[in-house]
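>>> Need a 3D model of the following:
(chains A and B)
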Amino acid sequence: MKQLSLTVNGRKYEVLVEESDMLSTVIREKIGLTGTKVGCSQGSCGACTIIADENPILSCITPAIRFEGKEITTIEGVSENGTPSLLQELFVQKGAIQCGFCTPGMVLTTQDFIYHHPEASREDIKEALSGNLCRCTGYKKIIDAVFRICTVK
Amino acid sequence: MRFSEYAQLSKQGVEQLPKEEESAKIIGVSRPYIEAEKKVLGKAEYADDLHFRNMLHCKFLRSTHAHAVIESIDTSKAEKLPGVVYIAKGDELPVKFGVLPVSQDETAMAIEKTRYIGEIVVAVVAETPEIAEQALRYIHVQYSKLSEYFTIDSSLEDLGEKEKIHDHTKFNNNIHKKAELRFGNQEEGIEQSHYVSEMEFEFEGVTHAFTEPHSATAFWDENGLTIYTATQVPHYLHRALAKVMKVPLSRVRVVKPYVGGGFGGKSDPFPHEMIISHIARKTGRPVRATFSREEVFLSNHGRHPSKLKMRMGTDQDGMFKVLDVDVAIDGGAYGSFGVVTSYYNGVLLQAPYDIRNFGFRTFRVYTNKPQCGAMRGHGAVNTRFAAETLVDDIAHKLNIDPCELRIKNFYKESAITIGQFRITSNGSRLALEQVMNKSGWKEKRGKLPEGRGIGAGCGFFISGSALPIIWNEYPQTVVHLKLDFDGRVLISSGASDIGQGSDTMLAMVVAETLGIDMKKVFVLAADTLLTPVDLGSYSSRVTFMCGNAAKSAAEKLKQEILEAVSKQKEVPIEELNIEQSRVFTNDRKVDLDWLEVIDITTANRGALTVSGNYISPKLGGDFKGAGAGLSPSYSFGACIAEVEVDKKTGKVEVLNVWGAHDCGKALNPMAVEGQLEGSWHMGIGQALSEEMKYFNGLLLNNNFIDYKIPTSLDTPDMDTNIIETGDPEGPFGAKECGEGALHPVIPAIANAIFNATGVRITKLPIKADDVLEKIKANLTTEIIE
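Residues are numbered from 1 along each chain as shown, chains lettered A, B, ... in the order given. Model prediction:
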């Protein structure tokens, strides 16, 4: 067991982790934030996406010990005081959510993407979403939601 | 990006986005799911997110042999591992179960022998998942191999002295079920035909690939067993658990939390649900099992691989005279829904085209692979593909527009089919004409550039099975409503929302019927202790059946409210209106807000409860097999696809899909669009990229890298069209939209490939190699000619 200090959604945590623990396990089991979903444990579906410093990370295949001193944002940290962000609100209003299991990963991937590419086209968005699998929507309404944000701004 | 920046962005966003006004109208107006905000915030709890104190974790040792006798199991070393609490083997749970009463052929763990690679042989429960996982490596199982059966053909053959997969099958082969129905006279139909199109088809298996892996937690207390599980069928699981645990039905409670997709893949009672329930009883502690993605693939229950031979005859004018099909489907190791699947392969071909000489024969065989079951579009997807391909071929041979040919042969708006299905609303023609217009069918067909093509397909599906799986007089669903002093209406229903939006549908139906706003309704669903029985989310039954039950309950509650107001205010009940959460007379002499209404209604009696239910009318013929495919209503749809084929490589790209589906009435258009787009996405996957690849019974592509569901880049633009025909018996005219839409998209793609290249697709998934080979063969033929 190793001591790990990291900041999650603005709050500091000190946790004991195994070297083999993935970040998703630490976030879900030790910190208790279950909004981060684990769909494959192989880094292939994107449901576990979180943001570490500036980058979207597949937390199910990344060892937690790599995040010593890092600042992490999970789905619980995207909203403020329980109020959805603009992107989250658009996901809701555009019908981009069905079963909702891929949603946290989709939101974090795209929140990061639009922050860096506020003028993105639909094709850019498709490309950005291609690492996040959704089996319910056919992606159309997710792309609609993300694309809409470029026009709201 | 730092957390603080996210927070800022959040804040800006909320200020900038205009909030939409709450519309007074509910039915027919798009709205997000009632739980959408909870899901987008990451607050919705799925089975693996729930926290239980003192919980143990279960992991499974799975068979490495496809068909083998279990000679011995040595768990002695695993037992000594600190943290291991319980190790269970098959003989502890000998009672067989299965979703259908006729296919109770599965035990929780393999007993005596294993029937597929991946079958559970031993279960280990430990203090942590890691310890349980480690203990699995210390268990030694000795197998002796039996003859293995991996193909339909090997399972159809007489086995001689070799051991069958299941003892209970009738003959000395591995045929599980044979079904045959014939109407009219197929041979006469062939004789009357000017042209008969005949082809053979092969289909690989595909699987649901929902994003949330199976997960469940079971515990026992003074009330018996409680299990929280990702299921589409709490009721059938309730029954199966009572049977396997040998406890009365009154000692089992199944609770469905939020479920991350199902598509039929969570519609059976599962072995892991039995095992953790058993071990929770033995240990007195909650036990959880959460599958890895590999285990999800190994559990399968997906679409049956199949082989079929179909012939379809037509007269000179293009009127279909006969449709005849022989189908064999590969069921894998156990029964699941397979008997139903067998029939659906045939019976769901009897519409949308009126064909008087219609017949089919299907075989379902057992093989030594993970079992197949129900998957979106259940049973009818592959045979529909074949039929729509033959229709396209007939059109080509007779030189008729394939869409016009279809329109000639459609059943009318209301009809009784040859197999006595009662069609009460039929949007086939509207759907097909809509996609013809939207796609520019007439302008494009035959005029597209080299390598491009356009094709069409149609579909037909049930809107809920009219017969329950377990035959009894219990209604198909019951919905309770409770109205109390605070003005809230609690909807209590067994309906299982798996992401398709049934909770929202119930709330909308009740709010609309009662004339109140959505904020006054609250949905309690899918808890077999707290909610009345609903049979589950399968066969596209929920909107039709639960919607009708909710509507009938709300009408009763409305009556009770109006009676109370009428009595207290001394006005005739006919003069009272209930709208926008007020009860009033036209002259406004009585004009009460909702809380005043509640005070009057609850005076001297307290909270009110009412009950509504749905019972399907008696339907169908009196011949054997008449019940298969009977539904109170049927859905219809059409797709047109445009493709580009690279003739040098055979690679197919779907450029666009125009789809239209007759859902009767879109209660929530945005939700209906979501179902249609999701169906087309899944169909495109089966058409172009998805297949379960086995090598000697070993599933090779048990992950999302190798099992390729379409990503955002692989999914073409989709033009979504809702057709409303107003079904006379559906709630507000609604019928299904979650499965039927899948059918037409696959043949539309294949027919577009034919249009582009002259190559006829008879195998799914469509592979570049096959297409290229056929392009080359066509070229050779042309040169010779």
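
>>> which regions of chain B lie under the pLDDT threshold?
B:1-24, B:785 (pLDDT under 70).

>>> end-to-end on stretch B:274-292?
One end of stretch B:274-292 sits 18 Å from the other (Cα to Cα, to the nearest Å).

>>> Find the residue closest to the residue nearest in space to the middle of chain A in space, skipping its chain neighbours.
Nearest to the geometric centre of chain A sits A:L108, at 3.2 Å (Cα atoms, centre = their mean). Spatial nearest neighbour of A:L108, excluding adjacent residues (Cβ to Cβ, 6 or more residues apart in numbering or on different chains): A:T49 at 4.6 Å. Bear in mind the C-beta positions are built from the backbone N, C-alpha and C, glycine included.

>>> dump the residue contacts of the one you found.
A:56-59, A:104-106, A:108-109, A:132 (Cβ atoms under 8 Å, 6 or more residues apart in numbering or on different chains).

>>> Among these, name the ones in strands.
A:56-58 (DSSP state E).

>>> Among those, the buried ones, what's the ChimeraX command?
Remark: buried members of the ones in strands among the contacts of A:T49, expressed as a ChimeraX selection using 16 or more other Cβ atoms under 10 Å in any protein chain shown:
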select /A:56,57,58
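
>>> of all the ones in strands among the contacts of A:T49, which comes closest to chain B?
A:P56 (9.7 Å; Cβ to the nearest Cβ).

>>> residue contacts, that closest one?
Counting by Cβ under 8 Å, 6+ apart, A:P56 touches A:49-50, A:108-109, A:112.

>>> Mind jotting down where the helices sit in the stretch 301-450 of chain B?
Assigned by DSSP state H, counting those that start in this stretch, the helices in the stretch 301-450 of chain B fall at B:338-347, B:381-398, B:402-409, B:428-439, B:441-444.

>>> Out of those helices, which gets nearest to B:I746?
helix B:381-398 (5.1 Å; Cβ to Cβ).

>>> Next, format the ones in strands among the contacts of A:T49 as CSV and append pLDDT.
Formatted as CSV, the ones in strands among the contacts of A:T49 follow (pLDDT from 0 to 100):
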residue, pLDDT
A:P56, 96
A:I57, 97
A:L58, 98
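
>>> CA-only coordinates of stretch B:658-674 in CSV, if you can.
Output of stretch B:658-674 as CSV, limited to C-alpha atoms (Å, rounded to 0.1, in the frame of the first residue of the first chain):
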residue,chain,number,x,y,z
TRP,B,658,-33.3,7.9,-44.2
GLY,B,659,-35.6,6.1,-41.9
ALA,B,660,-39.3,6.3,-41.0
HIS,B,661,-41.2,4.3,-38.5
ASP,B,662,-44.9,4.1,-37.7
CYS,B,663,-45.1,4.3,-33.9
GLY,B,664,-48.8,5.1,-33.9
LYS,B,665,-48.4,8.3,-31.9
ALA,B,666,-45.1,9.7,-30.6
LEU,B,667,-45.9,10.3,-26.9
ASN,B,668,-42.5,11.9,-26.6
PRO,B,669,-41.1,12.6,-30.1
MET,B,670,-37.5,13.2,-28.8
ALA,B,671,-37.6,9.8,-27.1
VAL,B,672,-39.0,8.1,-30.2
GLU,B,673,-36.3,9.6,-32.4
GLY,B,674,-33.7,8.3,-29.9
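
>>> So which bits of that stretch are buried?
Under 16+ other Cβ under 10 Å, the buried positions of stretch B:658-674 are B:658-674.

>>> These: which ones sit near chain A?
Applying Cβ under 8 Å from any Cβ of the partner chain to the buried residues of stretch B:658-674, one finds that B:670-671, B:673-674 fall near chain A.

>>> just those residues now: which is nearest B:L156?
B:G674 (40.8 Å).

>>> isn't the closest one right up against A:T137?
Yes: using Cβ atoms under 8 Å, B:G674 is in contact with A:T137, at 5.8 Å.

>>> what sits in contact with each of these two?
With Cβ under 8 Å, 6+ apart as the test, B:G674 and A:T137 both reach A:95, A:98.

>>> follow-up on the earlier one: can you check which of the helices of the stretch 301-450 of chain B gets nearest to B:R239?
Closest among the helices of the stretch 301-450 of chain B, using Cβ to Cβ: helix B:338-347, at 16.9 Å.

>>> Which positions within the one helix or strand B:K178 maps to qualify as buried?
Secondary structure assignment for B:K178, by DSSP states H and E: strand B:175-183. Of all the residues in strand B:175-183, those buried under the rule 16+ other Cβ under 10 Å are B:175-177, B:179, B:181, B:183.

>>> Look up the closest residue to B:G612, ignoring the ones flanking it.
Closest to B:G612 by Cβ to Cβ, 6+ apart is B:A553, at 2.9 Å.

>>> so the one you found sits in a strand?
No: assigned with DSSP: H, G, I helix; E, B strand; the rest coil, B:A553 falls outside any strand and is helix.

>>> dump the residue contacts of it.
B:A553 neighbours (Cβ under 8 Å, 6+ apart): B:479-481, B:510, B:610-612.

>>> can we see that at 10 Å?
Applying Cβ atoms under 10 Å, 6 or more residues apart in numbering or on different chains to B:A553 gives the contacts B:478-481, B:489, B:491-493, B:506, B:509-510, B:513-514, B:609-613.

>>> Please narrow the residues you listed to those residing in helices.
In helices, judged by DSSP state H, the following of the contacts of B:A553 are found: B:506, B:509-510, B:513-514.

>>> Near chain A, which residues of the stretch 601-750 of chain B? Just list them.
Within reach of chain A by Cβ under 10 Å from any Cβ of the partner chain, the stretch 601-750 of chain B has these residues: B:657, B:668-685, B:703-707, B:709-720.

>>> before we move on, back to that, helices or strands next to the strand holding B:K178 in the packing?
Packed against strand B:175-183 by the contact rule (3 or more Cβ pairs under 10 Å, 6 or more residues apart in numbering or on different chains; DSSP states H and E) you find helix B:152-156, strand B:320-330, helix B:338-347, strand B:357-365.

>>> who does it pair up with?
With DSSP bridges as the test, strand B:175-183 is paired with strand B:357-365 (antiparallel).

>>> How far does the partner strand sit from its chain's centre?
22 Å (Cα atoms, centre = their mean, to the nearest Å).

>>> same check, this time on stretch B:106-114
In terms of Cα atoms, centre = their mean, the centre of stretch B:106-114 is found 27 Å from the chain centre.

>>> And stretch B:451-471, by the same measure?
11 Å.

>>> quick one: is it near chain A?
No: against chain A, stretch B:451-471 shows no contacts by Cβ under 10 Å from any Cβ, the least distance being 16.4 Å.

>>> can you give me the end-to-end distance of that stretch?
53 Å.

>>> in it, what counts as buried?
Buried, per 16+ other Cβ under 10 Å, within stretch B:451-471: B:452-469.

>>> what do you get for stretch B:213-225?
Buried residues in stretch B:213-225 (16+ other Cβ under 10 Å): B:213-220, B:224-225.

>>> Could you find the closest non-adjacent residue to B:E653?
Closest to B:E653 by Cβ to Cβ, 6+ apart is B:E644, at 4.8 Å.

>>> tell me the residue furthest from the middle of chain A?
Quick read of chain A (Cα atoms, centre = their mean): farthest out is A:M1, 26.6 Å.

>>> Run a quick neighbour tally on the nearest residue to that residue once chain neighbours are set aside.
Distances taken as Cβ to Cβ, 6+ apart put A:L16 closest to A:M1, at 4.6 Å, once the chain neighbours are dropped. Here the number of neighbours of A:L16 (other Cβ atoms under 10 Å in any protein chain shown) works out to 11.

>>> Next: A:R66.
Per other Cβ under 10 Å, the neighbour tally for A:R66 reads 12.

>>> And the furthest pair within the buried residues of strand B:175-183?
B:H176 and B:F183 (24.6 Å).

>>> For A:S44, see how far away the one residue in the stretch 251-400 of chain B that gets nearest to chain A is.
Of all residues in the stretch 251-400 of chain B, B:G260 sits closest to chain A, at 3.0 Å by Cβ to the nearest Cβ. The gap separating B:G260 from A:S44 is 16 Å, by Cβ to Cβ, to the nearest Å.
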